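*Asks:* curious how this folds, go ahead:
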Amino acid sequence: MKSVLSVKMLAVLALVLLVFGATDGRILSKCELKEQLEAAQIPVIRAMGNKMTVDDLIAKLVCMASASGFNTSYVKAITTKPKAPVIQQLYGVFQLSDQLACDSGMNPSLNVCNMSCSALIDDDVTDDIACLKTMISSMLNTILVKECRSVVASRYFAECLTAVSPMAATSPLGETTA
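*Replies:* Just a heads-up that it's a prediction; the model follows:
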């Protein structure tokens, strides 16, 4: 039994090394990912009196992506169920699971996003964001890691200065008018 498990773990390691060598990923900045999520118009799910804004949700999602180092080609293997180990792969900048979001061919998957996991580890994050939008509809609380639930958008993105529209002017009281 141990040799079968060792062979499976070696196969997973080989796959991870192959994926890292065969993909062209990139490191995004926090602000770049924020802009891409804003452009994607991620919906906020209102559940049980939740007062979350779109900005708050985007801050939480970008915070979650920081676990991958904002690396679009990041793959992480985790072991679940200590008595009967199952190796789960997490893919891309948002660390989406091969048992839930996509099909890696290595684990049974719900494949909620109807895609191959390899699509999540290239330098194009539009499909990652589309998959994330699909998953948000049904699993908002499960995809947000504990550390990111209390993130406040205005503080989290303080260094991401957005350009003021040339049509907007600021009054002496600091109010923006259009």
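*Asks:* not counting residues beside it along the chain, what's closest to Leu61?
*Replies:* Leu37 (6.0 Å; Cβ to Cβ, 6 or more residues apart in numbering). Just so you know, the C-beta spots here come from the backbone N, C-alpha and C atoms, and that holds for glycine as well.
*Asks:* who does whichever strand or helix holds the one you found touch, helix- and strand-wise?
*Replies:* Using DSSP states H and E, Leu37 falls within helix 30-39. Applying 3 or more Cβ pairs under 8 Å, 6 or more residues apart in numbering; DSSP states H and E, we find helix 30-39 packed against helix 54-65, helix 126-143.
*Asks:* that older thread, for the residue nearest to Leu61, give me its contacts.
*Replies:* Ile58, Leu61, Val62, Ile129 (Cβ atoms under 8 Å, 6 or more residues apart in numbering).
*Asks:* what of Lys30?
*Replies:* Contacts of Lys30 (Cβ under 8 Å, 6+ apart): Val62, Ser66, Phe70, Phe157, Glu159, Cys160.
*Asks:* out of the residues you listed, which are buried?
*Replies:* Val62, Phe70, Phe157 (16 or more other Cβ atoms under 10 Å).
*Asks:* tabulate those (JSON lines), appending distance to Asp122.
*Replies:* Formatted as JSON lines, the buried ones among the contacts of Lys30 follow (distance: Cβ to Cβ, whole Å):
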{"residue": "Val62", "distance to Asp122": "19"}
{"residue": "Phe70", "distance to Asp122": "14"}
{"residue": "Phe157", "distance to Asp122": "26"}
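*Asks:* now those in TSV, please, with extra columns for pLDDT.
*Replies:* As requested, those are arranged in TSV below (pLDDT from 0 to 100):
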residue	pLDDT
Val62	95
Phe70	96
Phe157	92
